[in-house]
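**Q** Attaching a predicted model along with its sequence, questions to come.
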Amino acid sequence: MPTPLYRFHCTDGHDLIADLQGKRLPTWALMRAHAARVALDLMLGGAPRDWSAWTVEIYDAAGRHVLSKPFTDVLDNRPPRQG
């Protein structure tokens, strides 16, 4: 059985950052972890902004919505910065 393909689109309900490539992940745990990584990379990689309304919207290869992961969940679970 092939590994499922998921697309990780990010949106705040107005703007959209579409994942045109997607990622193949064998488990739901890895899918959720990847969604958190997508959100964190976006938050850390751009200009400072309010990310509180943003979510990662995960879709399967058939275009069915699978899961929503709010960016705020990622911020709440991030380990404290050291330094």
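**A** Perfect, I can see it now.
**Q** Could you list the buried residues of the helix or strand harbouring L44?
**A** Taking DSSP states H and E as the criterion, the element that holds L44 is helix 28-45. Using 16 or more other C-beta atoms under 10 Å as the test for burial, helix 28-45 gives 31-32, 34-36, 38-39, 42-43. All C-beta spots, glycine's among them, are computed from the backbone N, C-alpha and C.
**Q** quick one: K69 and I58, what's the gap?
**A** Distance of K69 to I58, given as C-beta to C-beta, to the nearest Å: 7 Å.
**Q** show me where the protein has helices.
**A** 28-45, 71-77 (DSSP state H).
**Q** ok, of these, where does mean pLDDT dip lowest?
**A** For these, the weakest mean pLDDT is recorded on helix 71-77, namely a mean of 82.
**Q** Show me what it is packed against.
**A** When contacts are defined as 3 or more C-beta pairs under 8 Å, 6 or more residues apart in numbering; DSSP states H and E, helix 71-77 packs onto helix 28-45.
**Q** quick revisit: mind putting the helices of the chain into CSV with distance to Q21?
**A** Shown next, in CSV, are the helices of the chain (distance: least, C-beta to C-beta, whole Å):
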stretch, distance to Q21
helix 28-45, 12
helix 71-77, 20
